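A.B. asks: Compute the structure for the input listed below.
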Amino acid sequence: MSHLPVPREAENNGEKRRERAALAAPIAGGAGRWRCLQSSIAVGVAPLRNLTGDAEQQRLTDAFTDDLLTELVEHGRGFSLQQLTGNPASSCGNARAAEPDFKYLVTGSAQRGEPGMLRVNVQIIETATSQYLWARRYELNVREPAPAQTRIVRRISQQLHVLLLQQEIHRACLESGMEPELYECLSSAASALEGELRQDHTAEAQRWFLAALADDPRSVEALVGLARTCQELVSNPWWGDSAAAAVAADLGREVVAIALNLAPGAADAHCIQGMLHSAAGQLDDAARAFERALSLDRELAIAHGFAGYNAAFRGNAGDTLPAIERAMRLNRTDRRHSIWFFFCGFAELLVGRTEAAVALLEKSLERNRSYGSAQLFLMAALSLSGRRDEAAQVAASFQAQYPNCPAGAVEQLWFSRSASATYRAQILPVFGSIRELGVPV
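C.D. replies: Predicted coordinates for the structure are as follows:
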């Protein structure tokens with residue numbers, strides 16, 4: 001491999017030890033409170049009212065409400081939810097009533113439609129003004145309600161995420177005190193993403209993408225860029241804010257879906273969608289998204305790279321290195337090379353080639369010494385190679401840089417996301433070695 005040299009013997013000399021010791025030095029932009037995606041919106045959910053006059057349909061309307069609440073709990077972690085039981089109209093625009101403790105109300109009703117059909121009307125209302133922010137009518141087959149019901153519930157979730165996004169955009173503009181222009185914002189975001197993969201760079205880019213959307217909410221480039229920053233936050237849980245990472249996973253999914261509605265042929269949007277699917281453990285969906293991206297642009301390096309990484313989670317770590325070779329031939333950017341070397345080191349570690357893994361992970365850290373993922377698996381590779389003192393040094397560096405790494409975040413990102421028996425058997429000893437070094441996973 002011309003781009004990924006893999007030494008067969010470990011380099012255990014003074015120079016390597018000095019490089020490893022340098023990892024313990026303070027890193028600019030270390031863990032702390034994430035400066036974006038701090039919003040939360042309070043949402044009241046009223047039961048879908050059964051106006052059919054048929055008590056038999058109550059079970060269906062109850063199931064609809066339950067499914068909506070389940071969707072919002074699982075995929076709307078930027079929402080503070082309240083389930084209502086009374087008349088939803090009393091919560092809106094009534095000056096004599098106590099002010100509701102939620103900003104938006106989701107309500108709706110089911111009426112008789114054509115034979116065998118229900119007409120479902122759903123709305124999102126701003127409680128302070130009783131203004132309808134969104135309303136739709138759907139037809140639902142009473143014999144097979146699931147397909148339409150799933151579509152309706154997903155659409156409601158997406159619209160609530162649009163409101164959350166609008167709140168984030170507004171907050172970003174207020175904090176910056178600027179009147180954003182699309183081109184300048186996109187240019188500034190691109191500049192922020194040219195440096196190392198680091199919390200402060202991604203946070204800065206995220207603020208610029210939000211500002212760009214204030215100028216043009218239909219900018220596909222800004223939507224895809226925002227989704228990318230969400231993915232980077234999700235994939236680096238030690239950046240210190242688990243709540244923001246949860247919001248990022250959900251918002252990123254919806255933002256990239258909006259981008260694809262606007263531009264179905266955007267290869268980079270399909271790729272980001274695949275990256276978010278993979279981080280969420282939806283590995284087959286991720287593989288399909290990467291295939292779609294590459295069918296649209298065979299030279300999209302990032303799609304090759306992340307497809308190879310996703311293959312490792314599916315139990316096919318042998319597919320990772322060839323994919324990364326292609327990615328590196330297509331994109332020689334230093335920032336990407338840190339990621340590509342990490343992916344290869346991770347795959348080599350899974351298949352038990354620990355010395356090769358050490359060499360590749362060190363190459364990743366040569367390009368970005370604050371890269372938490374590379375540090376995490378380098379300590380495992382060193383430990384499994386019998387180099388415990390060096391492994392302990394890397395572990396101490398990682399914990400010094402990222403003292404607020406959320407408990408369980410590592411396991412969620414690298415273990416729970418895959419049901420592959422092959423992958424789980426490969427990753428278990430890796431986690432065992434990390435735990436032995438005192439790093440919480």
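A.B. asks: Not counting sequence-adjacent ones, nearest residue to residue 374?
C.D. replies: residue 364 (4.0 Å; CB to CB, 6 or more residues apart in numbering). No exception for glycine: its C-beta is placed from N, CA and C like everyone else's.
A.B. asks: my read: the one you found touches residue 338, true?
C.D. replies: Yes - the pair formed by residue 364 and residue 338 meets the contact definition of CB atoms under 8 Å, at 5.0 Å.
A.B. asks: Quick check: neighbours shared by the two?
C.D. replies: Residues touching both residue 364 and residue 338 (CB atoms under 8 Å, 6 or more residues apart in numbering): 371, 374.
A.B. asks: So which of those two has more stuff around it?
C.D. replies: A direct count of neighbours by other CB atoms under 10 Å for residue 364 and residue 338 places residue 364 higher, at 25 against 22.
A.B. asks: How about the contacts made by the closest residue to residue 302 other than its chain neighbours?
C.D. replies: Nearest residue to residue 302 in three dimensions, chain neighbours excluded: residue 271, at 5.7 Å (CB to CB, 6+ apart). With contact set as CB under 8 Å, 6+ apart, residue 271 has these partners: 289, 290, 293, 300, 302, 303, 306.
A.B. asks: State the three-state secondary structure for the fifth one.
C.D. replies: Think residue 302. Taken by DSSP: H, G, I helix; E, B strand; the rest coil, the conformation at residue 302 corresponds to helix.
A.B. asks: who touches it in this structure?
C.D. replies: Residue 302 is in contact with 268, 271, 327, 331, 336, counting by CB under 8 Å, 6+ apart.
A.B. asks: switch the cut-off to 10 Å
C.D. replies: Each residue near residue 302 by CB atoms under 10 Å, 6 or more residues apart in numbering is listed here: 228, 267-268, 271-272, 274-275, 290, 293, 327, 330-331, 336, 339-340.
A.B. asks: same check, this time on the fourth one
C.D. replies: The neighbours of residue 300, taking CB under 10 Å, 6+ apart as the test, are 267, 268, 270, 271, 290, 293, 294, 306, 307, 327, 330, 331.
A.B. asks: how near is it to residue 194?
C.D. replies: Using CB to CB, to the nearest Å, residue 300 is found at 18 Å from residue 194.
A.B. asks: Let me see the confidence value for the residue lying closest to residue 232 once chain neighbours are set aside.
C.D. replies: In this structure, residue 232 finds its nearest non-sequential neighbour in residue 202, 4.7 Å apart by CB to CB, 6+ apart. Here the pLDDT value assigned to residue 202 is 93.
A.B. asks: Can you tell me the element residue 202 falls in?
C.D. replies: Per DSSP states H and E: residue 202 is located in helix 199-215.
A.B. asks: Tell me the first helix or strand C-terminal of that helix.
C.D. replies: helix 220-234.
A.B. asks: which strands and helices sit next to that following helix?
C.D. replies: Contact partners of helix 220-234 among helices and strands, from 3 or more CB pairs under 10 Å, 6 or more residues apart in numbering; DSSP states H and E: helix 146-176, helix 182-192, helix 199-215, helix 242-262, helix 267-279.
A.B. asks: Buried deepest among the ones you listed, which one?
C.D. replies: The highest mean neighbour count among these, using mean count of other CB atoms under 10 Å, belongs to helix 267-279: a mean of 27.
A.B. asks: Now do the very next helix or strand once past that helix: distance to the chain's middle.
C.D. replies: The element immediately downstream of helix 267-279 (helix or strand, assigned by DSSP H and E) is helix 283-296. From the chain centre to the centre of helix 283-296 is a distance of 16 Å (CA atoms, centre = their mean, to the nearest Å).
A.B. asks: before we move on, what about stretch 424-432?
C.D. replies: 24 Å.
A.B. asks: Pull out the CA atoms of that stretch and give them to me as CSV.
C.D. replies: This file holds the C-alpha atoms of stretch 424-432, laid out as CSV (Å, rounded to 0.1, in the frame of the first residue of the first chain):
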residue,chain,number,x,y,z
ARG,A,424,-18.6,-8.2,18.9
ALA,A,425,-16.1,-11.0,19.4
GLN,A,426,-13.4,-8.8,17.9
ILE,A,427,-14.1,-5.7,20.0
LEU,A,428,-14.6,-7.4,23.4
PRO,A,429,-10.9,-7.9,24.2
VAL,A,430,-10.2,-4.3,23.0
PHE,A,431,-12.7,-2.9,25.5
GLY,A,432,-11.3,-5.2,28.2
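A.B. asks: Can you pull out the residues in contact with that stretch?
C.D. replies: So stretch 424-432 is contacted by 312-313, 315, 317, 346-347, 349-352, 354, 357, 376-377, 379-381, 383-384, 410-411, 414-416, 418, 420, 439, 441 (CB under 10 Å, 6+ apart).
A.B. asks: now the residues you listed: which count as buried?
C.D. replies: 312-313, 315, 317, 346-347, 349-350, 354, 357, 376-377, 379-381, 383-384, 410-411, 414-415, 418, 420, 439, 441 (16 or more other CB atoms under 10 Å).
A.B. asks: counting contacts, what elements does the helix holding residue 202 pack onto?
C.D. replies: helix 146-176, helix 182-192, helix 220-234, helix 242-262.
A.B. asks: same thing but 6 Å
C.D. replies: Other helices and strands packing on helix 199-215, by 3 or more CB pairs under 6 Å, 6 or more residues apart in numbering; DSSP states H and E, are helix 146-176, helix 182-192, helix 220-234.
A.B. asks: Turn those into CSV, columns for distance to residue 131 and mean pLDDT.
C.D. replies: Output for the helices and strands packed on helix 199-215, formatted as CSV (distance: least, CB to CB, whole Å; pLDDT from 0 to 100):
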stretch, distance to residue 131, mean pLDDT
helix 146-176, 12, 89
helix 182-192, 28, 93
helix 220-234, 25, 96
